[in-house]
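K.L.:
Return atomic coordinates for the entry below.
(one chain, ligands or ions: 1)
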Amino acid sequence: MDEDILKEMQKYGRFLEERGLNLSSHSGNMSIRRGDRLYIKRRGAMMGDLKEEDIVETGVEEDDSGVIIASTEVGVHRAIYKKTSSLAVVHAHTPYAISLSLVRDEIVPIDDEGKYHLKRVPVLDVEESIGSDEVEKRLPPVLQNYPAAIVKGHGTFARGENLEEAYNWTTVVESICQVIYLVENLGGDTRREVDW
Ligand SMILES: [Zn+2]
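P.N.:
Numbering: from 1, shown residues only. I've put the predicted structure just below:
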């Protein structure tokens, strides 16, 4: 594995942890695509303190290598790479996005920066949200049209050309949800139609 893959994963894993973007310490995951190879966080590895042995190499196509210890979401990551041109994916258990997704069917930004970046944030409502075939099937088509989406009650999935971009979309979605939460708690009107 290239040294830069490890460094990137460590850097954004630490950022996710330090910014409170990933609820429990060993949850969430990230991956990088290089050609037909996929580098993904090991199942149960600590997001904020990733070591070399915490990054698992496997194939973008079905490939048994590394899969047993790879993240539970490896199937979802593969499906995203097959259906989009992404080269990196970040999945985080973002507290505000998770909370808001439990009470809204879709999220429309109300703050100016959020509106500038995204017209809406799709919320995917599925029966089984963790490591599920349903998410594998239904999430990638959504990510063909949006850089990030929330799996209801579970967390964000964001894609990009590199981890920085996928991380950035994660922060954009979480910020949008945080502002809605704060404004709602101040008694403000946070319900918006999508302004196409
Ligand atoms: Zn998860």
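
K.L.:
residue ranges for the strands of the chain, please.
P.N.:
In the chain, the strands defined using DSSP state E lie at 29-34, 37-41, 55-59, 88-92, 106-107, 121-124, 148-151, 155-160.

K.L.:
Using TSV, lay out the ones you listed together with mean neighbour count and mean pLDDT.
P.N.:
C-beta: built from backbone N, CA, C; applies to glycine. Rendered in TSV, the data for those read as follows (neighbours: other Cβ atoms under 10 Å; pLDDT from 0 to 100):
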stretch	mean neighbour count	mean pLDDT
strand 29-34	24	97
strand 37-41	23	96
strand 55-59	20	94
strand 88-92	28	98
strand 106-107	18	92
strand 121-124	21	97
strand 148-151	27	98
strand 155-160	27	98
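
K.L.:
right, and the ones you listed - which one's nearest residue 2?
P.N.:
Proximity of the strands of the chain to residue 2 was assessed by Cβ to Cβ; the nearest stretch is strand 29-34, lying at 7.6 Å.

K.L.:
So residue 133 sits against residue 75, correct?
P.N.:
Yes. Residue 133 is in contact with residue 75 according to Cβ atoms under 8 Å; the separation is 7.4 Å.

K.L.:
Which of those two has more residues huddled nearby?
P.N.:
Taking neighbours as other Cβ atoms under 10 Å, residue 133 and residue 75 compare with residue 75 leading, 18 against 12.

K.L.:
And the pLDDT for that one?
P.N.:
As predicted, residue 75 sits at a pLDDT of 94.

K.L.:
Okay then, goodbye and thanks.
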